[in-house]
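1. Here is the input, now give the coordinates:
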Amino acid sequence: MKLRFVVILILVVLFAPGVGAAERERVDLIVTGGTVVAMDGERRVIENGAVAIRGERIVAVGPAAEVERSFRARRRIRAEGKLILPGLINTHTHAAMSLYRGVADDKALDDWLRNYIFPLEAKHSTPEFVYWGTLLAAVEMLRGGTTTFVDMYYHEDEVARAAEQAGIRVVAGETVLDFPTPDSKTPADGLRYTEEFIRRWQGHALVTPAVAPHSAYTCSAETLRESAALARRTGAPLLIHLAETMTEMEESRKKTGKTPVEYLAGLGVFDVPTLGAHCVFVKPADRKLLAEKGVACAHNPSSNMMLASGVSPVTELRAAGVAVGLGTDGPAGSNNDFNLWEEMDLAAKLQKITSDDPQALKAAEALALATIEGARALRLEKEIGSLEAGKRADLIVVRRDAAHAVPFYDVYSQIVYSLKASDVETTVVNGRVVFERGRVRTVEEREVLRRAEGFAAAVRETLKGR
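-> Sure thing, here's the model as predicted:
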């Protein structure tokens, strides 16, 4: 009788409300046991850490024992011996150009654009082409740990639709030019399309619509002013190519008497939230003006190297107070992949070689460009870019047991100089596991690849006539 009473008492204590498991708060997912590299204000690195997620948000980040004690999850991802990082942020792409990968390499920018890309786009960049090209890019990015990308292209409704399907976050900018584009005959048509596109997608959990006048050298002053007015009227951000080449700088001085930065500032373009892609030729006065206007820059090391454009003065821009993110640019001559791990490595090394200073842009700073500073460049630092309670649940789990990653001494050094996109094991966007066990879970990859080959066959036929 006594024994039976003792057993009943133990069961009552264990399963009584407010005790043990019932005391823990319920969440949807806990990623646990790995080294958490939070990229928060304190730059916490938590050995044997964990991240708890409910719905689309992070609810806790801390030592695994504490998180496990406070929360019980519907699902756990074990990350022992691995890294848990914020998802990477690619601040400049032309995603659908994945379908033009390799068609016009080793060209100068003007030759590449006017003699190859613009003619190909006029013939092939249909809505269907853009949708499947963006899905192809999304598969590559999710596999490599990119959870947010910034896009400038045409038929941006299809870009947004593909991003939604793939489960990847996007700032999608409809490109406006002064000559016919694949979806608009005139800049006025382009701006009308853009306004409708913005109205359709504003407020979406994954899609931030934007207006994207291509550049100061392909858009008139009127088109640039109207683009800024549209951004102001709708509250959308503005994306633009900025000070990318010496040719652009020289032509701007000849036509306007100003640098591209001075010219755009004078037109009022920078009076709205603006992200400038490249920012290679920016003198001290330009850097000061960018900082005063709150203009951010997307640094694209591989693209600038491949097109021999130059090297953006990233350390000087950051010292001036300019937010700088990291981008890959688009494939087809400017960069043939969407690999932010390569860009982190190159970004750090380029600043060192051009400044004769091995301490310029250290590894931790290069990782910041691809995470929290990239988020700041998009004005989304309160939502993404670091692992903190209350932020969107965008994170990745990265293996560190490959030959190129062993031994392990310094976490930031290993991430930037040793690890590869192929080391990413799991990708979570907005609380949803979108890549794990070698498979993107949101799309049928074989179908994406099959479609890509179909579009490529048509492009090859066009190129035969050159």
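2. Let me know how buried the closest residue to residue 55 other than its chain neighbours is, in neighbour terms.
-> Sequence neighbours aside, residue 431 is the residue nearest to residue 55 in space, at 5.6 Å (criterion: CB to CB, 6 or more residues apart in numbering). Bear in mind the C-beta positions are built from the backbone N, C-alpha and C, glycine included. Per other CB atoms under 10 Å, the neighbour tally for residue 431 reads 19.
3. Same question for residue 128.
-> Neighbours around residue 128, by other CB under 10 Å: 12.
4. model confidence over the helix or strand hosting it, on average?
-> Secondary structure from DSSP states H and E places residue 128 in helix 127-143. Helix 127-143 carries an average pLDDT of 98.
5. quick check, distance from it to the centre of its chain.
-> Relative to the chain's own centre, helix 127-143 is displaced by 14 Å; criterion: CA atoms, centre = their mean, to the nearest Å.
6. One more: stretch 289-301?
-> 16 Å.
7. One more: stretch 40-48?
-> 22 Å.
8. could you pull out the helices for the stretch 101-250 of the chain?
-> Using DSSP state H, counting those that start in this stretch, the helices found in the stretch 101-250 of the chain span residues 109-112, 118-124, 127-143, 156-166, 187-201, 221-234, 246-256.
9. which stretch among those helices comes nearest residue 79?
-> helix 127-143 (17.6 Å; CB to CB).
10. what's the closest one packed up against?
-> Using 3 or more CB pairs under 8 Å, 6 or more residues apart in numbering; DSSP states H and E, the elements in contact with helix 127-143 are strand 146-153, helix 156-166, strand 424-429, strand 432-436, strand 439-440, helix 445-464.
11. please redo it, this time with the cut-off set to 7 Å
-> If you count contacts as 3 or more CB pairs under 7 Å, 6 or more residues apart in numbering; DSSP states H and E, helix 127-143 packs onto helix 156-166, strand 432-436, strand 439-440, helix 445-464.
12. ok so, going back, distance to residue 333 for the helices of the stretch 101-250 of the chain - can I get that in a markdown table?
-> Compiled in a markdown table, those are given as follows (distance: least, CB to CB, whole Å):
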| stretch | distance to residue 333 |
| --- | --- |
| helix 109-112 | 5 |
| helix 118-124 | 11 |
| helix 127-143 | 15 |
| helix 156-166 | 20 |
| helix 187-201 | 23 |
| helix 221-234 | 25 |
| helix 246-256 | 16 |
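13. between those helices, which gets nearest to residue 435?
-> helix 127-143 (4.6 Å).
14. And the closest one, what's buried?
-> 129-143 (16 or more other CB atoms under 10 Å).
15. In terms of mean pLDDT, which of the helices of the stretch 101-250 of the chain ranks lowest?
-> helix 109-112 - the lowest mean pLDDT of the helices of the stretch 101-250 of the chain, at a mean of 82.
16. which residues sit against that helix?
-> 104, 244, 245, 247, 307, 309, 333 (CB atoms under 7 Å, 6 or more residues apart in numbering).
17. And for residue 432, the neighbour number?
-> 18.
18. how close does it get to residue 404?
-> From residue 432 across to residue 404, the span is 30 Å (CB to CB, to the nearest Å).
19. which outside residues touch stretch 153-160?
-> With contact meaning CB under 7 Å, 6+ apart, stretch 153-160 is reached by 94-96, 125, 127, 130-131, 134, 151, 170, 172-175, 181-183, 197, 200-201, 207.
20. ok, now stretch 23-38?
-> 44-55, 59, 61, 64, 67-68, 70-80, 82-85, 386-388, 395, 397, 411, 431.
21. Quick one: buried ones out of the contacts of stretch 153-160?
-> For the contacts of stretch 153-160, buried by 16+ other CB under 10 Å: 94-96, 125, 130-131, 134, 151, 170, 172-175, 181-183, 197, 201, 207.
22. Got a PyMOL select line for the buried ones in the contacts of stretch 23-38?
-> Applying 16+ other CB under 10 Å to the contacts of stretch 23-38 leaves a buried subset, and the PyMOL line that selects it is:
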select buried, resi 44+46+49+50+51+52+53+54+59+61+64+67+68+70+71+72+73+77+79+82+83+84+85+386+387+388+395+397+411+431
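23. Out of the contacts of stretch 23-38, name the ones that lie in helices.
-> Of those, the ones assigned to helices by DSSP state H are 64, 67, 68, 70, 411.
24. what sits against the third one?
-> For residue 68, the residues meeting the contact criterion (CB under 7 Å, 6+ apart) are 32, 50.
25. Regarding the protein, what is its longest strand?
-> strand 25-37 (DSSP state E).
26. Tell me the buried residues in that one?
-> Those would be 27, 28, 29, 30, 31, 32, 33, 34, 35, 36, 37, for strand 25-37 by 16+ other CB under 10 Å.
27. again with stretch 379-386
-> Residues of stretch 379-386 classed as buried by neighbour count (16+ other CB under 10 Å): 379, 380, 381, 383, 384, 385, 386.
28. can you redo those as JSON lines with pLDDT?
-> Formatted as JSON lines, those follow (pLDDT from 0 to 100):
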{"residue": "379", "pLDDT": "98"}
{"residue": "380", "pLDDT": "98"}
{"residue": "381", "pLDDT": "98"}
{"residue": "383", "pLDDT": "98"}
{"residue": "384", "pLDDT": "98"}
{"residue": "385", "pLDDT": "98"}
{"residue": "386", "pLDDT": "99"}
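29. still on that earlier bit, now the buried residues of strand 25-37 in TSV, please, with extra columns for distance to residue 253 and pLDDT.
-> Shown next, in TSV, are these (distance: CB to CB, whole Å; pLDDT from 0 to 100):
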residue	distance to residue 253	pLDDT
27	57	98
28	56	98
29	54	98
30	57	98
31	52	98
32	57	98
33	57	98
34	52	98
35	50	98
36	49	98
37	44	99
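30. which neighbours does the longest strand of the chain have in its sheet, and in what orientation?
-> According to DSSP bridges, strand 25-37 forms sheet pairs with strand 45-54 (antiparallel), strand 71-78 (parallel), strand 82-86 (parallel).
31. Would you mind putting the CA coordinates of the second one into CSV?
-> Written as CSV, here are the backbone C-alpha positions of strand 71-78 (Å, rounded to 0.1, in the frame of the first residue of the first chain):
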residue,chain,number,x,y,z
PHE,A,71,10.8,26.3,-24.0
ARG,A,72,9.4,23.1,-25.4
ALA,A,73,9.3,22.8,-29.2
ARG,A,74,7.2,20.9,-31.7
ARG,A,75,10.5,20.3,-33.6
ARG,A,76,14.2,20.4,-32.8
ILE,A,77,17.2,20.8,-35.2
ARG,A,78,20.3,19.5,-33.6
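32. Name the spans of the stretch 351-466 of the chain whose pLDDT lies under the cut-off.
-> Within the stretch 351-466 of the chain, the stretches with pLDDT under 70 are 465-466.
33. Same check on the stretch 1-150 of the chain?
-> Checking the stretch 1-150 of the chain against pLDDT under 70 turns up 1-22.
34. mind redoing it with 90?
-> Residue ranges of the stretch 1-150 of the chain with pLDDT under 90: 1-23, 103-118.
35. Once you drop chain neighbours, what's closest to residue 161?
-> Nearest one to residue 161, counting by CB to CB, 6+ apart, is residue 131 at 6.3 Å.
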